[in-house]
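> Kindly generate the corresponding structure for this input.
(2 chains)
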There are 2 protein chains.
Amino acid sequence: MTASRGRGRPRDPETDAAILRAALEVFVERGVEGASIEQIAKRAGVGKLTVYRRWSTKEDLIAQAIEQSVSAEIAPSPADVQALSPQEIIERALPAAAEMVAHPDFRALVARVMGSAVSHPKLMAVYWTHYILPRRELAAAMLRRGQEDGTVPADADLDVVIDMMAASVTYRVLQPDPPDAPEMLRYLKAVYRQVGLYRPSQES
Amino acid sequence: MTASRGRGRPRDPETDAAILRAALEVFVERGVEGASIEQIAKRAGVGKLTVYRRWSTKEDLIAQAIEQSVSAEIAPSPADVQALSPQEIIERALPAAAEMVAHPDFRALVARVMGSAVSHPKLMAVYWTHYILPRRELAAAMLRRGQEDGTVPADADLDVVIDMMAASVTYRVLQPDPPDAPEMLRYLKAVYRQVGLYRPSQES
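Residues are numbered from 1 along each chain as shown, chains lettered A, B, ... in the order given. Take a look at the predicted model:
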């Protein structure tokens, strides 16, 4: 439908969806190097040519599969960030975030994207643009709000602080002993607390 | 020589070294899934059987290659940490650290280790034990010293703080626009400053 696609015959959205789903699965299971268009086609129940008609390389196909799997509304919305304090946002958003990042599917995808950052930078670029950047903007808004409120130092290097927050999550889930959701919730609170965005109210 | 090795004929240390070097190279270039004992043997200039006589699986071989490549003296030594202030340690150690982590070889190895964290956890376990843990212990000693000196909050969750420090380095070098050594030095100073271990003296 879009200008960048559309070689050959008209597209069937269900076939596209099946191929993208299969591409993501095979990528997560075997990495870029272990994946092939042939395996992806087989998993999707289509012929190799059907895949090649739509995507000219394995990397393009996997990039689009990643883009589609991570592109979704993020909560809280920018409007929430204006209306609520960082403390309130964190208390609302953190349980679902902990659940999500502690899930084995998240771990597995993040590992593969990190793993291909040097050999296939396009995959990291897509993940960066569609997953990481919107979340960084949210974190930046919260940190600026924290600076106004005086809980985050006025001279903090916010890009570095955001890196430290985002990085610790990825790093924690890839450690040899990965956390479950309750441990991840405790962990996220400790991270937000460290940067001055969260004060534990009672026992947490 | 050790109990865990030594099947078949006596080992030739040069052959071992060549195989381990080849294994690391092939792993970094192609990932675990893209690497094969056959390619590694060819790169090392030996027969496949020579490799299999020493390592029964590709994962065992790559694990030992990683272990050997990252096991080295770390500076500063634990004695330095006792004798010097965190500020002094950081000023001495950071230029070399920045040089090292900004190097393409470091990026490439870290990407692959992260990438195999879920599919081949043994590789991450080896990297964790031989590379990350000794550095975490050093960071913990510096942070405790910072707590005594009052620059690090007494109630800081040091495990989380260490994660944030270590993670940000990995995360930064795997970003789409990786830093060179001077940028990495600036970055590391900002990280140490954020956790209360470093005060920029002049312009830095």
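> gap between the helix or strand bottoming out on mean pLDDT in chain A and the chain center?
Ranking every helix and strand in chain A by mean pLDDT, DSSP states H and E puts helix A:78-83 at the bottom, with a mean of 78. Taking CA atoms, centre = their mean, to the nearest Å, one finds the center of helix A:78-83 at 21 Å from the center of the full chain.
> domains in chain A, as residue ranges please.
A:13-69, A:74-194 (automatic domain parsing).
> weakest of those domains in terms of mean pLDDT?
Mean pLDDT is lowest for domain A:74-194 out of these, coming in at a mean of 92.
> Quickly check: it near chain B or not.
Yes. Remark: domain A:74-194 sits within contact range of chain B at A:104, A:107-108, A:111-112, A:114-119, A:121, A:124-125, A:128, A:156-157, A:160-161, A:163-168, A:170-172, A:174-176, A:187, A:190-191, A:193-194, by CB under 8 Å from any CB of the partner chain. Where C-beta positions appear, they are placed from N, C-alpha and C, glycine not excepted.
> Now the buried members of these.
Burial by neighbour count, judged by 16 or more other CB atoms under 10 Å in any protein chain shown, picks out A:107-108, A:111-112, A:114-119, A:121, A:124-125, A:128, A:156-157, A:160-161, A:163-168, A:170-172, A:174-175, A:187, A:190-191, A:193-194 from the residues of domain A:74-194 next to chain B.
> Contact partners for the residue positioned nearest the centre of chain A?
Residue closest to the mean C-alpha point of chain A, counted by CA atoms, centre = their mean, is residue A:131 at 4.2 Å. Residue A:131 is in contact with A:70, A:71, counting by CB atoms under 8 Å, 6 or more residues apart in numbering or on different chains.
> Residue A:121 too?
residue B:176.
> Looks like residue A:58 contacts residue A:37 (just checking).
Yes. Assessed by CB atoms under 8 Å, residue A:58 is found in contact with residue A:37 at 5.6 Å.
> Figure out the helix or strand that residue A:108 lives in.
With secondary structure defined by DSSP states H and E, residue A:108 is part of helix A:104-115.
> For chain B, give me its nearest residue in chain A.
residue A:115 (1.4 Å; CB to the nearest CB).
> thinking again about what came up before, what secondary structure does the residue nearest to the centre of chain A sit in?
Assigned state for residue A:131: helix (three-state reduction, DSSP: H, G, I helix; E, B strand; the rest coil).
> re the thing from before, where's the closest residue to the residue of chain A closest to chain B other than its chain neighbours relative to residue A:118, distance?
Closest residue to residue A:115 apart from its sequence neighbours, by CB to CB, 6 or more residues apart in numbering or on different chains: residue B:115 at 1.4 Å. Residue B:115 sits 9 Å away from residue A:118, going by CB to CB, to the nearest Å.
> show me what contacts residue A:149?
With CB under 8 Å, 6+ apart, residue A:149 has these contacts: A:85, A:86.
> if I look at it, how far off is residue A:113?
Separation of residue A:149 from residue A:113 (CB to CB) stands at 34 Å.
> Equivalent analysis for residue A:140, please.
Taken as CB to CB, the span from residue A:140 to residue A:113 is 22 Å.
> tell me the SS of residue A:164?
Under three-state DSSP, residue A:164 comes out as helix.
> Surely it is in contact with residue B:190?
No. Using CB under 8 Å, residue A:164 is not in contact with residue B:190; the gap is 9.3 Å.
> for chain A, what's the longest helix?
As assigned by DSSP state H, the longest helix anywhere in chain A is helix A:13-34.
> roughly how far out does that helix sit from the chain middle?
17 Å.
> tell me which residues in it are buried?
Residues of helix A:13-34 classed as buried by neighbour count (16+ other CB under 10 Å): A:15-16, A:18-34.
> Stretch A:132-150 now?
Residues of stretch A:132-150 classed as buried by neighbour count (16+ other CB under 10 Å): A:132, A:134, A:136, A:138, A:139, A:141, A:142, A:143, A:145, A:146, A:147.
> I'd like those residues as JSON lines, with secondary structure and distance to residue B:84 appended.
Output for the buried residues of stretch A:132-150, formatted as JSON lines (DSSP: H, G, I helix; E, B strand; the rest coil; distance: CB to CB, whole Å):
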{"residue": "A:132", "secondary structure": "helix", "distance to residue B:84": "37"}
{"residue": "A:134", "secondary structure": "helix", "distance to residue B:84": "42"}
{"residue": "A:136", "secondary structure": "helix", "distance to residue B:84": "35"}
{"residue": "A:138", "secondary structure": "helix", "distance to residue B:84": "39"}
{"residue": "A:139", "secondary structure": "helix", "distance to residue B:84": "34"}
{"residue": "A:141", "secondary structure": "helix", "distance to residue B:84": "39"}
{"residue": "A:142", "secondary structure": "helix", "distance to residue B:84": "36"}
{"residue": "A:143", "secondary structure": "helix", "distance to residue B:84": "32"}
{"residue": "A:145", "secondary structure": "helix", "distance to residue B:84": "38"}
{"residue": "A:146", "secondary structure": "helix", "distance to residue B:84": "33"}
{"residue": "A:147", "secondary structure": "helix", "distance to residue B:84": "32"}
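> Adding distance to residue B:65, write those out as JSON lines.
Shown next, in JSON lines, are the buried residues of stretch A:132-150 (distance: CB to CB, whole Å):
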{"residue": "A:132", "distance to residue B:65": "31"}
{"residue": "A:134", "distance to residue B:65": "38"}
{"residue": "A:136", "distance to residue B:65": "35"}
{"residue": "A:138", "distance to residue B:65": "40"}
{"residue": "A:139", "distance to residue B:65": "37"}
{"residue": "A:141", "distance to residue B:65": "44"}
{"residue": "A:142", "distance to residue B:65": "42"}
{"residue": "A:143", "distance to residue B:65": "41"}
{"residue": "A:145", "distance to residue B:65": "47"}
{"residue": "A:146", "distance to residue B:65": "44"}
{"residue": "A:147", "distance to residue B:65": "46"}
